[in-house]
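> generate a structure from the sequence data that follows.
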Amino acid sequence: MISEDLLREVSCAHIAAHVSALEGVRHPVVAPGALEQAADYLTQSLRALGYQMSEHLFPDNGRSFRNVIATLPGSRLPEERVAVLAHYDTVAGSPGADDNASGVAVLLETARVLAGASFERTVQFIGVCLEENAHDDEPGSGTRGSGALARHARASGWDLAAVLVLESVGFAGDDVVQSVPPGVPIPVPETGNFLAVIVNEQSTELSDSFVRAVGRHRVGLPHVVLAVPGNGELLPDSRRSDHAPFWDEGFQAIMLTDTTNFRNPHYHQASDTLATLNLEFAAKVCRATIGAVLELARGTGRLYNSGDHAGCKEGAVMSIETKGILLAGHGGSPRPRIRRRHPGLQDLAPATEVSSCSVFLAQSLTSCVTTWLAARPFPRH
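Next up is the predicted model:
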């Protein structure tokens, strides 16, 4: 198992310092200088940690923009890559503390804790630009930086095994009111105290790794997993961040999010500031992300014992108070089913806590998988 001392290194103070340094409008039109400064901040912070730095340049509206890439080469399978990604731009009128300085801050803190570690696979930390829509009245005009990177990765033959996208991960609490997109006919709790993990059908291995990390290391992070069929076309809100272009190019990717405007009244507002964030929640997201990277990239030595790769002690499972698993079928009678998780989970969770039902998120949206663990749902960016 990984060293628990490693996870204890995660610092709320470091996360707060990064958010404070980044906070402010970072926009290609109204604040291009601040946008460049944010890219520089990412580059300098990651270089100081000893990572190999590079940039992926891409054109947009006659200008050149950059995705910042920090690389830790793998020791045995360097051609296979695991990426942690967050966008560093904002909309024109918001300082973007939650959206998305919080994601960048968690990325940088994850990189700090893992700096100098050894992995079989290559690990990359990537800051992407131009996630926000180019125009407010054009909902599909965003994710240009991640789109350019995903297409570049496919054209260049990257063996990209996993992409973990950090999208607004700092707004949560027991007094936060949660809402959902219209037309979702499943019961949703009113408390926004959980992390949503958004995954498509081919990426469930990644969400499994994240869920295992939460349980194995007793992170205490309430979370909900929503798996959508295809690439989320039938539930457009599941595509509203930088994971979607990687889905479209056939890569496995998940989005980790606090659900933004379905919970945060400061979303895309001038009031989206550091003072509104729950830093301990962001730190828990960071710890879980570290655990997932260690498994997916196959950390070696003191970091990870490969013999425990698929195992989980009883305390780790029960510590997150698993309430149950709701699985959508293809119509007809519900069928209890547990996707590949810890051996012994079936024995640990009483039968009354595991149920299955058919859930239709839209008229023809079937085979959606919703996992309820410790909190109640719902996802978003």
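> wait, isn't residue 126 in contact with residue 69?
Yes. Using Cβ atoms under 8 Å, residue 126 is in contact with residue 69, at 5.2 Å. Heads up, the C-betas are built off the backbone N, CA and C, glycines and all.
> so which residues of the protein form strands?
52-60, 63-72, 77-87, 121-128, 159-167, 195-200, 223-228, 253-257, 324-327, 369-373 (DSSP state E).
> so which of those strands gets nearest residue 246?
strand 253-257 (4.0 Å; Cβ to Cβ).
> tell me the angle of the closest one relative to strand 195-200?
160 degrees (axes from the mean of the first three to the mean of the last three Cα atoms, to 10 degrees).
> adjacent strands (with direction) for strand 253-257?
Applying DSSP bridges to the sheet, strand 253-257 is found paired with strand 159-167 (parallel), strand 195-200 (antiparallel).
> give the rounded mean pLDDT of the last one.
In other words, strand 195-200. Across strand 195-200, pLDDT averages out at 94.
> what residues of that strand count as buried?
Across strand 195-200, burial judged by 16 or more other Cβ atoms under 10 Å covers 195, 196, 197, 198, 199, 200.
> and if you look at stretch 200-210?
200, 203, 204, 206, 207, 208, 209, 210.
> nearest to residue 296, of these?
Proximity of the buried residues of stretch 200-210 to residue 296 (Cβ to Cβ) peaks at residue 209, which lies at 5.4 Å.
> pull the contacting residues for that closest one.
By Cβ atoms under 8 Å, 6 or more residues apart in numbering, the contact list for residue 209 reads 162, 292, 295, 296.
> so what's the second one up against?
Read that as residue 292. Applying Cβ under 8 Å, 6+ apart to residue 292 gives the contacts 164, 206, 209, 210, 212, 213.
> just send the residues you listed back as CSV, with pLDDT too.
CSV is the format used below for the contacts of residue 292 (pLDDT from 0 to 100):
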residue, pLDDT
164, 98
206, 95
209, 93
210, 96
212, 93
213, 92
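> from those, which single one is nearest residue 58?
Closest approach between the contacts of residue 292 and residue 58, by Cβ to Cβ: residue 164, at 21.2 Å.
> give me the neighbour count for the closest one.
Residues within reach of residue 164, counting by other Cβ atoms under 10 Å, total 26.
> can you check the one 3 residues further on too?
In terms of burial, residue 167 registers 27 neighbours under the definition other Cβ under 10 Å.
> tell me the confidence at it?
98.
> circling back: where among the strands of the chain is the average confidence lowest?
Across these, strand 324-327 gives the lowest mean pLDDT, at a mean of 26.
> okay, now the unreliable bits of the protein?
For the chain, residues meeting the criterion pLDDT under 70 lie at 1-3, 182-188, 300-381.
> quick one, helices of it?
Secondary structure of the chain (DSSP state H): helices located at 4-8, 12-22, 32-48, 103-114, 144-155, 204-216, 243-248, 279-296, 314-318, 345-348.
> would you format the ones you listed as a markdown table with distance to residue 59 included?
Shown next, in a markdown table, are those (distance: least, Cβ to Cβ, whole Å):
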| stretch | distance to residue 59 |
| --- | --- |
| helix 4-8 | 40 |
| helix 12-22 | 25 |
| helix 32-48 | 15 |
| helix 103-114 | 23 |
| helix 144-155 | 8 |
| helix 204-216 | 30 |
| helix 243-248 | 16 |
| helix 279-296 | 31 |
| helix 314-318 | 47 |
| helix 345-348 | 48 |
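> which ones are touching the closest residue in space to residue 272 that isn't next to it in sequence?
In space, residue 272 comes closest to residue 266 once its chain neighbours are excluded; the distance is 4.2 Å by Cβ to Cβ, 6 or more residues apart in numbering. Residues in contact with residue 266 (Cβ under 8 Å, 6+ apart) are 98, 171, 272, 273, 276.
> put together a markdown table for the residues you listed, with neighbour count and distance to residue 255 on each row.
Formatted as a markdown table, the contacts of residue 266 follow (neighbours: other Cβ atoms under 10 Å; distance: Cβ to Cβ, whole Å):
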| residue | neighbour count | distance to residue 255 |
| --- | --- | --- |
| 98 | 30 | 15 |
| 171 | 26 | 15 |
| 272 | 29 | 19 |
| 273 | 19 | 23 |
| 276 | 15 | 21 |
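> between these, which is nearest residue 146?
residue 98 (18.6 Å).
> isn't that closest one up against residue 260?
Yes. Using Cβ under 8 Å, residue 98 is in contact with residue 260, at 7.3 Å.
> returning to what we had before: what does the residue nearest to residue 272 show for phi and psi?
As for residue 266, its main-chain torsions (degrees, to the nearest 10) stand at phi -90, psi 0.
> could we number from 791 for the rest of this?
All set: I'll call the first residue 791, so the last point we hit is now residue 1056.
> hmm, back to that, now the buried residues of strand 985-990 as TSV including distance to residue 934?
Shown next, in TSV, are the buried residues of strand 985-990 (distance: Cβ to Cβ, whole Å):
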residue	distance to residue 934
985	26
986	23
987	24
988	20
989	23
990	21
